[in-house]
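Engineer: using only what follows, build the 3D model:
(chains A and B)
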Amino acid sequence: MSDLAISVRGLTKVFGGRRVVDGFDMDVPKGAIYGFLGPNGSGKTTTIRMMCGLLTPEAGDGTCLGFDILRQSQEIKGRVGYMTQRFSLYEDLTIRENLDFIGRMYRMKDRGARVDRALVDLGLAERAGQLAGSLSGGWKQRLSLAACMLHEPELLMLDEPTAGVDPKARRDFWDEIRRLSARGVTVLVSTHYMDEAVQCDFIAYIAYGRKLISGTPKDIPRLVGLQTWVVEAGEVGTLEAALKADPDVAQVARFGAMLHVSGTDEARLEAVRQRHPGQWQKLDGGLEEAFIWLMSGAQDNFAGPAARGGA
Amino acid sequence: MTLSLARLWAVLVKEFIQMRRDKVTFVMMIGLPIMQLIIFGFAINSDPRHLPTLVEMADTGPLTRAVLEGMRTSDYFEFQGVVTSPAAGDRALRDGSANFVVVIPKGFERDVMRGLRPALLLSADASDPSASGAAVAALGGIVDQAVADTLAGPLAQKAASPAPVQVTIHKEYNPEGRTSTNIVPGLLAIIMSMTMVMITAVAIVRESERGTMEALIATPVRPAEVMVGKIAPYILVGYVQTAVFLLAALWVFRVPFLGSWWAFFAGFNLFIVANLALGFLISTLSRNQMQAMQLSFFSLMPSILLSGFMFPFAGMPPWAQAIGSAIPATHFLRLTRKVMLKGAGIADVTQDMAGIAAIMAVIVAAALLRYRQTLD
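Structural biologist: The predicted structure is shown next:
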């Protein structure tokens, strides 16, 4: 078990009679970047909170960094960096005061030096006296990451860290995450962005509190059993409507002037290509299509009791 | 620019939906007027009757019985019993168990017959002039009437003027009958109830409303460290408020401070902690700072109206007194008045301290119960 940062079995959390997380299993190897995907309200945040000891699961058990998630949350908290979905530093404290406060929470001995180093790394050394609330979204994100890295955790849990951040800041953020991963830090990150998902070593897809599928980004489309072709056409709108009406097409997604056409059966897709002439090209990967397919499928699968509970 | 009735209607409907969803505001809107109606309509009585009275009897006879019976039927005085020494009477006035002590002097009956015009003494707790005023004013007439009735027939000539019995009134603790002397010590209880509860409730709710609580409890910090660390600064605020209050009370309003500083110090520390606990409880019931403010305000209303701060406690019906006794301000207010105006020591205020402590225990238990639930 020593090569696993997280290993949980059958995690279950009930809020108001609703199973928000239901029988969740997961193994995260040390040093990996593990992506958490799933629609809003699928239980990603709740799962993360259970794994770092903020919530007590109704059922299930497991370890995080070798510590029991039910009984040793104090040990886990000291070794995990958790970045919440919302900006959760004090807006009415300065950047330095915020970092210093976090340092005190972890009882760091060389607090001053670490805060100084973090400020220099962030490029915020000159603005250390500025109120955290006055920072832009991208800077707040970087500051939050710096704050939860201050105690040099072995495991980072990032809950939608790049939501609402511009593409440049998002890319910088991921460069930083890869650097940390290269240093041996395990990263568990939830996201909605496919370009972020492909950067993960492993992905788990969650819907309605259950893990539907997990694997490497390469494996996922194969596991889902979906093939995708790209077609370009002059009259994209007409072709899109025609393909959507075709019973052999599972899913059509529009990307600018191109259409991504997916199906589960190779022979039937071949027939589709014959019926609708155009420039067809096989798409490698097709991760996003696989997830859109999973999302629409999951809603159907769970249209029973689970979906009626809201989400 | 055309005004659309349909749009106006849509805004109006939306407003009602939001009003209905915000339960705390809804309760405030319905609950506050009802509470005020009940309190002002039924509980408050600015002409209080049935004030607890003790008798120190050094003589007895038909005249004494007539005077006491006259006082009883006037409804102002309600006799609680007999005291055997002046010291016992003083103690009862100081600890608030009696508002009046009537002293029938030795040889009272005989002196009246001899035409010596003996003095009937009424010691009144005048620290609250509005509570004692009406009864004191009525006493002269009551005594004259009782004496006239008793000295009828062959003794009628004794009843001739000047009045055969003198009535002497000792206004204890506030001889000038100044309202500020009574209001100012009580004000400390109200000021602290208002600010301590609200500041604490809002400070705790702010942490969860802004999302900073989640990051905070993700660190190895213990819940007790968070709670004590957040509440302790406001104890200091309470000290500053009390210091400012005392300076103003002593130097601006010239309110005496006759009692024990230790009794006062112990009492206000207990009261601060009780208020902080109440603020903590309110924070566990509120989802946002607005609700915390509203609930704090809601809790302040009875503190002002039913504690004996604005209106005499003795004048309220038993059910209102029962509610009033469940408010920490009621007990602290008594404690402050006793210590400042009546010269009470720590032994005289143990009952009030016990009252605050009992209420605090209930509040803390309720708050901890709520806190456990909201943590998960």
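Engineer: residues of chain A that sit close to chain B?
Structural biologist: A:52, A:54-56, A:74, A:77-78, A:80, A:82, A:84, A:86-91, A:102, A:105-107, A:147-148 (CB under 8 Å from any CB of the partner chain). Bear in mind the C-beta positions are built from the backbone N, C-alpha and C, glycine included.
Engineer: in helices, which of the residues you listed fall?
Structural biologist: A:Gln74, A:Lys77, A:Gly78, A:Ile102, A:Met105, A:Ala147, A:Cys148 (DSSP state H).
Engineer: ok so, going back, of the residues of chain A next to chain B, keep whichever come out buried.
Structural biologist: A:52, A:54-55, A:77-78, A:80, A:82, A:84, A:87-90, A:102, A:105-106, A:147-148 (16 or more other CB atoms under 10 Å in any protein chain shown).
Engineer: isn't there a strand covering A:Pro247?
Structural biologist: No. Secondary structure of A:Pro247 (DSSP: H, G, I helix; E, B strand; the rest coil): coil, not part of a strand.
Engineer: how near is it to A:Ala271?
Structural biologist: As for A:Pro247, its distance to A:Ala271 is 10 Å (criterion: CB to CB, to the nearest Å).
Engineer: so who does B:Thr73 touch?
Structural biologist: Residues near B:Thr73 by CB atoms under 8 Å, 6 or more residues apart in numbering or on different chains: none.
Engineer: likewise for A:Glu154?
Structural biologist: Contacts for A:Glu154 (CB under 8 Å, 6+ apart) come out as A:Ala5, A:Lys30, A:Leu65, A:Arg79, A:Val80, A:Gly184, A:Val185, A:Thr186.
Engineer: mind checking pLDDT for the second one?
Structural biologist: If I follow you right, that is A:Lys30. A:Lys30 carries a pLDDT value of 93.
Engineer: okay but it is in contact with A:Thr186, surely?
Structural biologist: Yes. Applying CB atoms under 8 Å, one finds A:Lys30 in contact with A:Thr186, separated by 5.4 Å.
Engineer: you'd agree B:Ile191 is up against B:Val244?
Structural biologist: No. Using CB under 8 Å, B:Ile191 is not in contact with B:Val244, being 9.3 Å away.
Engineer: settle it for me: which of the two has more neighbours?
Structural biologist: B:Ile191 (15 against 11; other CB atoms under 10 Å in any protein chain shown).
Engineer: which strand or helix spans the more buried one?
Structural biologist: Element membership for B:Ile191 (DSSP states H and E) is helix B:179-209.
Engineer: which strands or helices does that helix pack on?
Structural biologist: Packing partners of helix B:179-209 (3 or more CB pairs under 8 Å, 6 or more residues apart in numbering or on different chains; DSSP states H and E): helix B:129-150, helix B:212-217, helix B:223-247, helix B:261-285, helix B:289-305, helix B:328-342.
Engineer: who's the closest spatial neighbour of A:Trp174, skipping the chain neighbours?
Structural biologist: Nearest residue to A:Trp174, sequence neighbours excluded (CB to CB, 6 or more residues apart in numbering or on different chains): A:Gln199, at 5.9 Å.
Engineer: so that neighbour touches A:Ser181, yeah?
Structural biologist: No. The criterion here is CB under 8 Å, and A:Gln199 misses it with A:Ser181 at 9.7 Å.
Engineer: give me the common contacts of these two.
Structural biologist: Common neighbours of A:Gln199 and A:Ser181 (CB under 8 Å, 6+ apart) are A:Ile33.
Engineer: for B:Val13, see how far away B:Phe26 is.
Structural biologist: Relative to B:Val13, B:Phe26 is positioned 16 Å away (CB to CB).
Engineer: who in the stretch 101-250 of chain B is up against chain A?
Structural biologist: Checking the stretch 101-250 of chain B against chain A by CB under 8 Å from any CB, the hits are B:Arg210, B:Gly211, B:Thr212, B:Glu214, B:Ala215, B:Leu216, B:Ile217, B:Ala218, B:Thr219, B:Pro220, B:Val221.
Engineer: quick one: buried ones out of those residues?
Structural biologist: B:Arg210, B:Thr212, B:Glu214, B:Ala215, B:Leu216, B:Ile217, B:Ala218, B:Thr219, B:Pro220, B:Val221.
Engineer: which ones are touching the closest residue to the first one other than its chain neighbours?
Structural biologist: Closest residue in space to B:Arg210, ignoring its immediate chain neighbours: A:Glu91 at 7.1 Å, by CB to CB, 6+ apart. Shown here is A:Glu91, whose contacts under the criterion CB under 8 Å, 6+ apart are A:Leu131, A:Ala132, A:Gly133, B:Arg210.
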